[in-house]
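Q: give me a 3D structure for the following:
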Amino acid sequence: MNIRGCTGVFAKPGFLLIQLDLPTLRLGKVHLCNPWKNADFRFRSFSSYRPVSAVKPYSGGSQVKEKEEGASSLYLRPSLIDMKKQKTENRTRVYEFLRGIGVVPDELDGLELPVTVDVMKERVDFIHKLGLTIEDINNYPLVLGCSVKKNMIPVLDYLGKLGVRKSSVTEFLRRYPQVLHSSVVVDLQPVVKYLQGMDIKQADIPRVLEKYPEVLGFKLEGTMSTSVAYLVGIGVGRREIGGVLTRYPDILGMRVGRVIKPFVEYLGSLGIPSLAVARLIEKRPHILGFDLDEKVKPNVGYLLEFNVRERSLGVIIAQYPDIIGIDLKSKLCTQQQLYNSILDLGSEDFGQIIERMPQAISLNEKAIVKHVHFLKVCGFSTEQIKKMVVGYPQLLALNLDIMKLNFDYFQSKMARPLDDLADFPAFFTYGLESTIKPRHQQVAKKGLKCSLSWLLNCSDEKFERRMSYESIDLEEMEPEPTFDMNSLMGSITDESDSEIDDYDDEA
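A: Numbering: from 1, shown residues only. Prediction:
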C-alpha cells in the first residue's frame, strides 16, 4: 500500500516555488523523505508564467488529432482576393454575353448585375417580350439592373391595374424606362393620388400616363405643384385644371421660370392680356409646348415679313393660336402664291386676309377654287370677288350649300344689286330662316330702304328698336364684324390668391 500526499503548486511573483514529496506510508513501516534532497527549486517570475490554457494539450491519440483537424476546417473561407477574382470572372462572362447580342456594357460598371449569364439572359428575354429592342437597351442600359421579379413585374402589374393599355406599354417604356426602377408604394402611388387631386378623373389617369409617362418621376412638391399654381394665378379656372392636364399633361413637367412665365409675358407684349392667355390655355393647352425662341418668336417675325401689321398680331394669335407653333414660313410662301394665282392678289392684300382670318393659311387649293368658282357663277366680277375675299376671307370656308340657298333668296326675293353683296359678303354667314327672311319681310313691309349691313349686323333686340324708327339713323350703322379680344375674357369663376410675379425657376 502506497499513499502519497497532496502536491501543491503556488505561483507568486518573485517567490521561491518548492515541490515537496510528503512522507510515504507503507504497510508496517513509515518511510520519511528528505524534503531538501528531493526538492525542486524553480525560480519563476509572474511575467514568465504560462497559463494552463496555453499548455500544449495531450497529443497521444489519433482521434484527438482528427478532431482538431475537423474543428479547424470549419473556419476555412475564401480570401477576399479570391472572392474579388471570382466576381470579376463572373462579370466578364456576363459582359461577353451582352456584347454577343449587341449590347454595349460600358455604362454598367458599378451597377449590380446578375452573377450568372443564365439570369442575365432571362432578364434580356423578358425585356424583349415587352417589345423593347437591343437599340432601346443601349439607349438606357441601366434597365439591365432591374430584377424581373422584384422590379419589372410589380411595376407592370400596377400600370395594368390603373388601365394602361398593353398596346402602349412598349412606347411607355421606351419614353420612360426609369419607371422599372420605381417602387410602387413609395414612388408611383403618390403621383397617381396627386393627379386625382388635380381633378383628373380616374378613367383619364391611364391616358394621362400614356401621353406623358415621365410624370411618374416628378416630385410632388416640385415642378408639378408650381406649374399648376401659376396657371391658376393668371386666371385658368380651378375647375378647368383637370381638363387642361388631361389634354396636355406635359404642363406638369414645365418649369414656370423657364417656360410658362416667359411664354405668357411674350404674348402679353403682343397685346394679349394674361386673362385672355388663360382662356387660350383652357381651350388649347398644347400651345404651352411651342418653343418660345425656336418657334414662336420666328413665326411672329414671318407674319411681319408678309405684311401683317404689328398691331394685329395679338388678334391673329388669339383667333388661331396654332399659327405660332406650325412650320409657318413655308405655308405663307405657298399660300401667297396660291392666292395670287387664283385672285391676282398683291402682297398687302394677302396680309389683310391673314389679319381677318389667319386660318386662311391652312385652306387647301381645292376649297379656294370651289368657292371662287361659285362666286363667278353668281355673276360677280373678278374684281368684286377679290374685294369680297380680302374684306371677308371667311367666304372661302363657308358651306357651299348654305351659300347657294342664301344667294337664291337674295336674287329672287330681295331684288338687290350684286354690289350690295359685294359690299357686305358676310350676308352668306347668316341663317336664312332665322334671320334673313324675317328681317327682310319686316323692312319690306315698312317700305324701308337700307343696306344689308344695317339689316343684318345687329342683335335681334337692336333690330326691333330700329323697326320703331321712322327713318334710318346712319350713326347706328355698325362696322363689319371683327374678332373681339374681350370675348376671350369672361368672368373669372375661380379667384386665385396665388402670387404669379415671384416664381423662380426650380433647381
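
Q: below-threshold pLDDT in the stretch 401-507 of the chain: ranges please.
A: When residues are selected by pLDDT under 70, those of the stretch 401-507 of the chain lie in 470-484, 490-507.

Q: apologies, that question was intended for the chain.
A: Along the chain, segments meeting pLDDT under 70 span 1-78, 82-83, 470-484, 490-507.

Q: now with 90?
A: 1-92, 94, 105-116, 218-225, 346-347, 415, 446-450, 465-507 (pLDDT under 90).

Q: the strands in it, which residues?
A: 16-19, 24-26, 29-31, 40-43 (DSSP state E).

Q: residues touching the longest helix along the chain, excluding its own?
A: For the chain, the longest helix by residue count, based on DSSP state H, is helix 80-100. If you take CB atoms under 8 Å, 6 or more residues apart in numbering as the criterion, helix 80-100 is touched by 78, 104-105, 108, 113-117, 120-121, 124, 144. All C-beta spots, glycine's among them, are computed from the backbone N, C-alpha and C.

Q: can you name the two of those residues that sit furthest apart?
A: Farthest pair in the contacts of helix 80-100 (CB to CB) is Pro78 and Val104. Separation: 31.8 Å.

Q: is it correct that Val103 is in contact with Tyr140?
A: No. Counting by CB atoms under 8 Å, Val103 does not reach Tyr140; the two are 11.2 Å apart.

Q: which one of these two is surrounded by more residues?
A: A count of neighbours by other CB atoms under 10 Å puts Val103 above the other of Val103 and Tyr140, at 19 against 16.

Q: which one is the more buried one nearest to, not counting chain neighbours?
A: Spatially, and ignoring its direct neighbours in sequence, Val103 is nearest to Ile137 (5.6 Å; CB to CB, 6 or more residues apart in numbering).

Q: list the contacts of that neighbour.
A: For Ile137, counting by CB under 8 Å, 6+ apart, the contacting residues are 103, 124, 127, 143-144.

Q: switch to 10 Å and redo it
A: 98, 101-104, 124, 127-128, 143-144, 177 (CB atoms under 10 Å, 6 or more residues apart in numbering).

Q: put the buried members of those into a ChimeraX selection.
A: This is the ChimeraX syntax for the buried subset of these, where burial follows 16 or more other CB atoms under 10 Å:
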select :98,103,124,127,143,144,177
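
Q: quick one: which of the contacts of Ile137 is nearest to Lys329?
A: Among those, and counting by CB to CB, the member closest to Lys329 is Pro177, at 36.7 Å.

Q: ok, the closest one touching Leu132?
A: Yes. Counting by CB atoms under 10 Å, Leu132 is a contact partner of Pro177 at 7.8 Å.

Q: need the residues touching each of these two.
A: Counting by CB under 10 Å, 6+ apart, the residues touching both Pro177 and Leu132 are 139-140, 143.

Q: out of those residues, who's nearest Met224?
A: Out of the shared contacts of Pro177 and Leu132, the member with the shortest distance to Met224 (by CB to CB) is Tyr140, at 23.1 Å.

Q: the closest one: what's it in contact with?
A: Contacts of Tyr140 (CB under 10 Å, 6+ apart): 107, 132, 173-174, 176-178, 180.

Q: include distance to Gln352 when you put those into a markdown table, please.
A: A markdown table is the format used below for these (distance: CB to CB, whole Å):
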| residue | distance to Gln352 |
| --- | --- |
| Glu107 | 58 |
| Leu132 | 53 |
| Leu173 | 51 |
| Arg174 | 47 |
| Tyr176 | 47 |
| Pro177 | 52 |
| Gln178 | 52 |
| Leu180 | 56 |
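
Q: quick check, nearest of those residues to Lys297?
A: Using CB to CB, these come closest to Lys297 at Tyr176, 30.3 Å.

Q: pop out the phi and psi values for that closest one.
A: When quoted as degrees, to the nearest 10, the phi and psi of Tyr176 stand at phi -140, psi 70.

Q: tally up the residues packed near Gly379, please.
A: Neighbours of Gly379 (other CB under 10 Å): 11.

Q: that one touches Phe410, doesn't it?
A: No. Gly379 is beyond contact range of Phe410, at 11.4 Å (criterion: CB under 10 Å).

Q: overlap in contacts, those two.
A: 418, 421.

Q: the nearest residue to Lys201 once chain neighbours are set aside: neighbour count?
A: Spatial nearest neighbour of Lys201, chain neighbours left out: Gly242 (7.0 Å); criterion: CB to CB, 6+ apart. Using other CB under 10 Å, Gly242 has 18 other residues around it.

Q: pretty sure Gly242 sits against Leu231.
A: No. Counting by CB under 10 Å, Gly242 sits too far from Leu231 to count as a contact (12.0 Å).

Q: joint contacts of these two?
A: By CB under 10 Å, 6+ apart, no residue touches both Gly242 and Leu231.

Q: ok, the residue nearest to Lys201 - contacts?
A: Applying CB under 10 Å, 6+ apart, the residues near Gly242 are 195-201, 204, 208.

Q: want to throw those residues into TSV with distance to Asp460 and neighbour count?
A: Shown next, in TSV, are the contacts of Gly242 (distance: CB to CB, whole Å; neighbours: other CB atoms under 10 Å):
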residue	distance to Asp460	neighbour count
Leu195	46	24
Gln196	45	14
Gly197	45	10
Met198	42	18
Asp199	38	16
Ile200	41	21
Lys201	39	13
Asp204	40	19
Val208	44	23
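
Q: just put those residues in CSV and tack on distance to Phe350.
A: Below are the contacts of Gly242 laid out as CSV (distance: CB to CB, whole Å):
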residue, distance to Phe350
Leu195, 46
Gln196, 49
Gly197, 49
Met198, 44
Asp199, 44
Ile200, 43
Lys201, 45
Asp204, 42
Val208, 41
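
Q: select from those every entry located in helices.
A: 195-197, 208.

Q: most widely separated two among those?
A: Taking CB to CB, no two of those sit farther apart than Gly197 and Val208, at 13.0 Å.

Q: what about the nearest residue to Val94 once chain neighbours are set aside, how many neighbours?
A: Nearest residue to Val94 in three dimensions, chain neighbours excluded: Met120, at 5.2 Å (CB to CB, 6+ apart). Residues near Met120, counting by other CB under 10 Å, number 20.

Q: Pro273 too?
A: As a burial measure, Pro273 scores 18 neighbours (other CB under 10 Å).

Q: measure the residue lying closest to it once chain neighbours are set aside to Leu231 for me?
A: Nearest residue to Pro273, sequence neighbours excluded (CB to CB, 6+ apart): Met489, at 6.6 Å. Distance, Met489 to Leu231, by CB to CB, to the nearest Å: 16 Å.

Q: with neighbour numbers in mind, choose between these two.
A: Between Met489 and Leu231, Leu231 has the larger neighbour count (other CB under 10 Å), namely 30 against 17.

Q: show me the contacts for Gly271.
A: 310-315, 317-318, 485.

Q: ok, those vs Leu156, which is closest?
A: Distances from Leu156 to these, taken by CB to CB, are shortest for Ile317, at 43.0 Å.

Q: the closest one: neighbouring residues, count only.
A: 25.

Q: would you confirm that it contacts Ile287?
A: Yes. Ile317 lies in contact with Ile287 (CB under 10 Å); the separation is 9.0 Å.
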